[in-house]
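1. quick one: sequence plus predicted model below, questions after.
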Amino acid sequence: MNRFPKSALLAVAVSACIAACGGSSGGNGGRNVPSGGGQPPPTSSCTTPTAAGSVFNQSTESVGLCYELNEVVTARDMHVMGGGLAMSDIDKDGLLDLYVVHGMNERGKLYLNDGSAFVEAPGNRGISPRGLDNAGYFIDLDSDGWDDFVSIQYEANYVEVFKNDQTGNFVEATASTGIYLRKPTYSMAAADYDLDGDIDLFFAHWGWIWSDTSPVTEYLWENDGSGFFTDVSNIVEIMPSFRAPPLDDVLAEHSFTPIFADINSDRYPDILLAGDFESSQVLINNAGASFTDATTEVISDENGMGAAVADYDNDGDLDWFVSSIYHTEKEKNYQGGESGNRLYQNDGNGNFSDVTDAARVRDGDWGWGSCFADFDNDGNSDIFHTNGMRSVDSIENNDSDPLFVFFNDPSRLFMSLGDGTFSEQAAASGINHDDQGRGVICTDYDNDGRVDVLIATNGKSPTIYRNEAINNNHYLQIDLVGSPGNRQGIGSRVTVETASGTQMQEITLGSNYLAQQPCTLHFGLGAETTVTAITVAWSDLAGTVTRIENIDSDQRLTISIQQ
């Protein structure tokens, strides 16, 4: 289906080419802009105190992640939108390690988890990007059981691959993978889209002029099973979007966050693509042969940036949250980007309804990375997303900048009330992050049974909020061990049954804006101390199903496809 943005977006003022996520008026990534000789922004928000007794405790400094960075010398459009996180147990010591991307001033840093804090890895364990990086992802590309690293970079590099040598150290091996990117690249997602037993990759591209005469390229890469990839983007119906003035008649590519998710329950992962300038798409997988654009007018987010999927209403299918821009009460000097976040509810067949207002999640300021997670273990998925924006012309706070009103947007925490609606409780819960948030990871990094929040901050060290909720609710965490080509069971569905009801989650890799969180699934169980049954529908061509019964709560469980 050929679907172009509504004409309203073409009214965006020249000063607000940046208004839709910081884009320049140039086709291939903008210009260099000096910092103006002013002081750089504060080093981080990692020493901001948290009120005593809060649900979330700001613990960045205590875990070793509060550090200084070099002063910003120049900035480009891509730089101010960058800042990501990737988390994996790279050395198989049972602890989650962390790679932090800063976006504009220094290359990413690898931190090893020593059980009590994160310690900077000497020489980044061999991960040495040629240029500033925009994001990073740990993924086992060659099916050897060890997570490799995909680095997304600025300038002409765009991608670099580092193979894990099976000791937790990395060696540059881009050429051996066949992957090359010539387009400005943001988030990545991974799944076995054709169910042939290995993991394929999808890259999002923002800021590249569209060509009607050239085939779609550099989005979907098919794995041959050995870790060598072939560009098969021509089988995906990617659609362009219009640029803002002065290029209002120019088509361009503006995707930010892809998610592989089986939205119609046919076992083949579809693609939900959050994009800028009303370019978000629903792409249905045709049994691994192609992806068809099935986007309708319901998909109406103006500036889709971050995204997340979950069965938030516990009806057995995957719903889609997209972060965008909402600021009707703020005085701004441009038009556009006013309709806010979207929550799209799935009917079970892959058809979405817009329930944003009914759910009360529209108002999110300038949203970026987002996640679904059950932060209070009550059995209902909550939503977190981080915010903030500045332009290349004002690295520090400057009230003459057109984006000044977004410099200190507070992050949002929408807690589920269990009836399909949410209540915003970030400040009340102790999350006082109002810095330049970009990528987000929501996971139990300290293995205490409560989901924590990690935020990548543009130009600074990250911010960590440790969940210290005290209640009587229980939980269950599940890791999958799949076949050799998909050891983490990416794309597999896990259903948990208790006396109170049924929950379903699907394992994704990537899928957050510039961030990759671990594949461990976390289920809040409320008052239930026993799980009646767990059913795993594995992501394989055979349709393998594993079922186990009568499991105690409050533990981390590993389920293998072999059992």
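-> Now that the structure is in, tell me what you want to look at. Numbers count the residues shown, from 1 in each chain.

2. direction included, what does the helix or strand that contains Leu557 pair against?
-> Under the criterion of DSSP states H and E, Leu557 resides in strand 556-560. With DSSP bridges as the test, strand 556-560 is paired with strand 474-481 (parallel).

3. which elements pack onto the very next helix or strand once past the partner strand?
-> Once the chain leaves strand 474-481, the next helix or strand it forms, by DSSP H and E, is strand 493-498. Secondary-structure packing of strand 493-498 (3 or more C-beta pairs under 8 Å, 6 or more residues apart in numbering; DSSP states H and E): strand 474-481, strand 501-506, strand 521-526, strand 530-537. Yep, even glycine has a C-beta here, placed from its N, CA and C like the rest.

4. can you read off the pLDDT for Asp77?
-> Looking at Asp77, its pLDDT reads 73.

5. that one reaches Val392, doesn't it?
-> Yes - taking contacts as C-beta atoms under 8 Å, Asp77 lies within contact range of Val392: 5.9 Å.

6. strands of the stretch 201-350 of the chain, start to end?
-> Remark: strands assigned in the stretch 201-350 of the chain by DSSP state E, counting those that start in this stretch are 220-223, 229-231, 241-242, 251-261, 270-275, 281-285, 291-293, 307-310, 319-322, 325-326, 342-346.

7. what lines up beside the fourth one in the sheet?
-> Spelled out, it's strand 251-261. strand 200-209 (antiparallel), strand 241-242 (antiparallel), strand 270-275 (antiparallel).

8. for the second one, same thing?
-> Sheet pairing for strand 229-231, assigned by DSSP bridges, gives strand 220-223 (antiparallel).

9. list the contacts of Gln58.
-> Applying C-beta atoms under 8 Å, 6 or more residues apart in numbering to Gln58 gives the contacts Cys46, Thr48, Pro49, Thr50, Gly430, Asn432, Thr463, Ile464, Tyr465, Arg466.

10. before we move on, back to that, of the strands paired with strand 251-261, which stretch is the most buried?
-> Stretch with highest mean neighbour count among the strands paired with strand 251-261: strand 270-275 (a mean of 28; mean count of other C-beta atoms under 10 Å).

11. convert the C-alpha atoms of it to PDB, please.
-> Coordinates of each C-alpha in strand 270-275 appear next as PDB, following Å, rounded to 0.1, in the frame of the first residue of the first chain:
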ATOM      1  CA  ASP A 270       6.400  -9.300  11.500                       C
ATOM      2  CA  ILE A 271       8.000  -5.900  11.600                       C
ATOM      3  CA  LEU A 272       6.700  -2.900  13.500                       C
ATOM      4  CA  LEU A 273       8.700   0.100  12.300                       C
ATOM      5  CA  ALA A 274       8.500   3.400  14.200                       C
ATOM      6  CA  GLY A 275       9.400   6.300  12.000                       C
END
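
12. what does it contact?
-> Taking C-beta under 8 Å, 6+ apart as the rule, strand 270-275 contacts 189, 202, 204, 206, 236, 238, 241, 254-264, 279-285, 291, 301, 304-307, 309, 320, 322-323, 350.

13. give me the neighbour count for Gly543.
-> The number of residues packed near Gly543 is 10, by other C-beta atoms under 10 Å.

14. now the one 3 residues further on
-> For Thr546, the tally of surrounding residues (other C-beta under 10 Å) stands at 17.

15. any idea how far it lies from Phe523?
-> Going from Thr546 to Phe523 by C-beta to C-beta, to the nearest Å gives 16 Å.

16. and if you look at Asp91?
-> Taking C-beta to C-beta, one finds Asp91 at 27 Å from Phe523.

17. mind checking which of those two has more residues around it?
-> Set Asp91 next to Phe523 and count neighbours by other C-beta under 10 Å: Phe523 wins out with 23 against 19.

18. does that one touch Asp378 like I think?
-> No - Phe523 lies out of contact with Asp378 (C-beta under 8 Å); the separation is 11.0 Å.

19. per-residue pLDDT, Phe414?
-> At Phe414, the pLDDT value in this model is 98.

20. is it fair to say it lies in a helix?
-> No - assigned with DSSP: H, G, I helix; E, B strand; the rest coil, Phe414 falls outside any helix and is strand.

21. in terms of contact, does it touch Ser381 like I think?
-> No - with contact defined as C-beta under 8 Å, Phe414 does not reach Ser381; the gap is 9.9 Å.

22. run through who's touching the helix or strand harbouring Ile383.
-> According to DSSP H and E, Ile383 maps onto strand 382-387. Here strand 382-387 makes contact (C-beta under 8 Å, 6+ apart) with 306, 308, 312, 321, 323, 341, 361, 364-376, 406, 409-416, 422, 426, 431, 433-434, 437-438, 440, 442, 453, 455.

23. in helices, which of those fall?
-> Ala426 (DSSP state H).

24. buried ones only from the contacts of strand 382-387, please, as a PyMOL command.
-> To isolate the buried ones among those in PyMOL, judged by 16 or more other C-beta atoms under 10 Å, type:
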select buried, resi 306+308+312+321+323+341+361+364+365+366+367+368+369+370+371+372+373+374+375+376+406+409+410+411+412+413+414+415+416+422+426+431+433+434+437+438+440+442+453+455
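
25. Glu424 pairs with what?
-> Beta-bridge partners of Glu424, counted by DSSP bridges, are Phe414.

26. then Leu220?
-> Beta-bridge partners for Leu220, by DSSP bridges, are Phe202.

27. surely it touches Tyr193?
-> Yes - judged on C-beta under 8 Å, Leu220 makes contact with Tyr193 at a distance of 7.3 Å.

28. which one's more surrounded, the two?
-> A direct count of neighbours by other C-beta under 10 Å for Leu220 and Tyr193 places Tyr193 higher, at 27 against 24.

29. can you report phi and psi for that one?
-> Dihedral pair for Tyr193: phi -70, psi -30, per degrees, to the nearest 10.

30. could you measure from the closest residue to it other than its chain neighbours over to His102?
-> The spatially closest residue to Tyr193, leaving aside those adjacent along the chain, is Asp200, at 5.0 Å (C-beta to C-beta, 6 or more residues apart in numbering). Using C-beta to C-beta, one gets 29 Å for the distance from Asp200 to His102.

31. which residues are common contacts for Phe414 and Ser381?
-> Here Phe414 and Ser381 have no joint contacts, going by C-beta under 8 Å, 6+ apart.

32. kindly state the beta-bridge partners for the nearest residue to Phe375 once chain neighbours are set aside.
-> Closest residue in space to Phe375, ignoring its immediate chain neighbours: Asp382 at 5.0 Å, by C-beta to C-beta, 6+ apart. Beta bridges link Asp382 to Ala373, judged by DSSP bridges.

33. distance of Asp382 from Ala428?
-> 13 Å.

34. higher neighbour count, those two?
-> Using other C-beta under 10 Å, the more surrounded residue of Asp382 and Ala428 is Asp382, with 24 against 13.

35. tally of neighbours for Glu68?
-> 11.

36. so where's the stretch 251-400 of the chain shaky on pLDDT?
-> Scanning the stretch 251-400 of the chain for pLDDT under 70 picks out the ranges 328, 331-336, 393-400.

37. try 80
-> Residues of the stretch 251-400 of the chain that meet the criterion pLDDT under 80 lie in 327-337, 391-400.

38. try the stretch 1-150 of the chain
-> Looking along the stretch 1-150 of the chain with the criterion set at pLDDT under 80, you get 1-49, 51-52, 71-78.

39. ranges for the helices of it?
-> Remark: helices assigned in the stretch 1-150 of the chain by DSSP state H, counting those that start in this stretch are 77-81.
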